[in-house]
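Peer 1: predicted coordinates and the sequence they were generated for:
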Amino acid sequence: MQTDPLSTKFAALADPTRRAILARLALGETSVTELAKPFDMTMPAISKHLKVLEGAGLITRSRDAQMRPCKIAPSAFKDVDGWLEDYRKLWEERFDRLDAYLQKLQAKQRKKRRTTKRKGA
């Protein structure tokens, strides 16, 4: 069964180790050895994470003599961002409506308190 590219990217992003690797690569290209340093795992395990990220198109790897530098592929995040943007707009609109409703309720409560104070004075 073939998975769509967006699902593949989200699956790759679901793992905290892979997100940490991406965070490091956001600072610039680096070697696999450097990427592996902060993690308590074997090089084959790091390589598996890198293969998942590469398969999702989120990173690219090249060969420079003995070094295998990795770098982030920023353009690969455009469809993820586009998908998220639709939901960001939806939730912002909902929060704006909720905010307006709460302000309306608070205004009614303030008016009611002022009316109650005048009657009691």
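Peer 2: Nice, I can see it.
Peer 1: what's the spacing between residue 117 and residue 64?
Peer 2: Distance, residue 117 to residue 64, by C-beta to C-beta, to the nearest Å: 77 Å. In short, each C-beta sits where N, CA and C put it, glycine included.
Peer 1: sorry, that was for residue 20
Peer 2: 23 Å.
Peer 1: can you give me the strands for this structure?
Peer 2: With strands called from DSSP state E, the chain shows them at 59-61, 70-72.
Peer 1: quick one, which of those strands is nearest to residue 91?
Peer 2: Smallest distance to residue 91 across the strands of the chain (C-beta to C-beta): 26.8 Å, for strand 70-72.
Peer 1: buried ones in that closest one?
Peer 2: 70, 72 (16 or more other C-beta atoms under 10 Å).
Peer 1: next: stretch 54-70.
Peer 2: Buried, per 16+ other C-beta under 10 Å, within stretch 54-70: 54, 56, 57, 58, 59, 69, 70.
Peer 1: quick one: residue 18 and residue 11 touch, right?
Peer 2: No - Residue 18 sits out of contact with residue 11 when judged by C-beta atoms under 8 Å, with a separation of 9.5 Å.
Peer 1: looking at those two, which has the bigger crowd around it?
Peer 2: residue 18 (20 against 14; other C-beta atoms under 10 Å).
Peer 1: which non-adjacent residue is nearest that one?
Peer 2: residue 49 (5.2 Å; C-beta to C-beta, 6 or more residues apart in numbering).
Peer 1: look at that neighbour and report its pLDDT.
Peer 2: For residue 49, the model assigns a pLDDT of 97.
Peer 1: quick check: it touching residue 19?
Peer 2: No - counting by C-beta under 8 Å, residue 49 stays clear of residue 19, with 10.2 Å between them.
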